[in-house]
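Undergrad: next one to model:
(chains A, B and C)
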Amino acid sequence: MDPSWLERPVPRLAPALLGGTVTVRSGEGTVTVRLTEVEAYDGAEDPGSHAFRGRTARNASMFGAAGHLYVYRHLGLHHCVNLVTGRPGEAAAVLLRAGEVVAGRALARERRRRTGVCRTDVDLARGPARLAVALGLDLEDDGAAVLDPAGRVSLLRAQDPPSSVQGPRVGVSGPGGDARLYPWRFWVDAEPSVSAYRPGAPRRPRTAH
DNA sequence: GAAACGATTTGCT
DNA sequence: GCAAATCGTTTCT
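TA: Residues are numbered from 1 along each chain as shown, chains lettered A, B, ... in the order given. Alright, predicted model coming up:
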């Protein structure tokens, strides 16, 4: 993929990533996820971004070139995966929040079984930490390049990106969570693999029995 | 050094 | 609907 495609302003780029695929090859096998939900984070200018308070050891890969991963550990339990975009030093990134497993389902299920419960295939990569588990990505993949189609991790653009809906980012406190200023979560409408946690939107009630 | 807190998930009520 | 789990990173004294 042409790296310059990733250099446009991240709030405009993020929805264009929907429908694209992320493939990870490992000794265990190959898993591919089609992205259905993402969030944009706009570097030092964005109070919701990890880069807002400048470069640190943890977020160093955000400040690198577009087309690499920024992976971090959250709450001591989970990993979240971002695609670094923009120009070097800009620290813009797109958080990969959810997707649909389109290849390697058996392996994705096995990985999810190791770390948690997974009742249906739709849940395999429904949520940022689940997506990381399904793909087998962790801190080792921080900084990994994704633009080489033959690499261990590779990103492919959607040929025909689906139409998307946007709303407030999840779990961002302070001004960065203000939907009027940063309505930067994008998802494919009516897509079951979009993460369940949606403030302001009704959650599907648990089945009674 | 110490302390607070976080771009979440899960299970129990 | 709510709270626990669990620990690295960052900030403050």
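Undergrad: what residues does chain A have near DNA strand C?
TA: Where proximity means Cβ under 7 Å from any atom of the strand, the interface of chain A facing DNA strand C comprises A:50, A:53, A:56-59, A:72-73, A:75-77, A:203, A:206. In this view, the C-beta of every residue, glycine as well, is placed from N, C-alpha and C.
Undergrad: hmm, try it at 6 Å
TA: Residues of chain A lying close to DNA strand C by Cβ under 6 Å from any atom of the strand are A:53, A:56-59, A:73, A:75-77, A:203.
Undergrad: top of the residues you listed by neighbour count?
TA: Neighbour counts for these (other Cβ atoms under 10 Å) peak at residue A:59, which has 20 neighbours.
Undergrad: which strand runs longest in chain A?
TA: The single longest strand within chain A, with elements called by DSSP state E, is strand A:29-42.
Undergrad: for that strand, which strands pair with it and how are they oriented?
TA: Sheet pairing for strand A:29-42, assigned by DSSP bridges, gives strand A:21-26 (antiparallel), strand A:92-103 (antiparallel), strand A:185-188 (antiparallel).
Undergrad: what comes up buried for the second one?
TA: So the one you mean is strand A:92-103. Neighbour counts over strand A:92-103 (16 or more other Cβ atoms under 10 Å) mark A:92-101 as buried.
Undergrad: check these and tell me the two furthest apart.
TA: When Cβ to Cβ is used, the two most widely separated members of the buried residues of strand A:92-103 are A:92 and A:101, lying 26.9 Å apart.
Undergrad: which is the next helix or strand following the longest strand of chain A?
TA: As assigned by DSSP states H and E, the chain's next helix or strand after strand A:29-42 is strand A:69-74.
Undergrad: which residues touch the spatially closest residue to residue A:30 that is not a sequence neighbour?
TA: Residue nearest to residue A:30 in three dimensions, not counting chain neighbours: residue A:104, with 5.2 Å by Cβ to Cβ, 6 or more residues apart in numbering. In this structure, residue A:104 makes contact with A:29-32, judged by Cβ atoms under 8 Å, 6 or more residues apart in numbering.
Undergrad: one more: residue A:30?
TA: Taking Cβ under 8 Å, 6+ apart as the test, what residue A:30 contacts is A:23-24, A:103-104, A:107.
Undergrad: closest to residue A:138 out of those?
TA: Proximity of the contacts of residue A:30 to residue A:138 was ranked by Cβ to Cβ; the top entry is residue A:24 with 10.9 Å.
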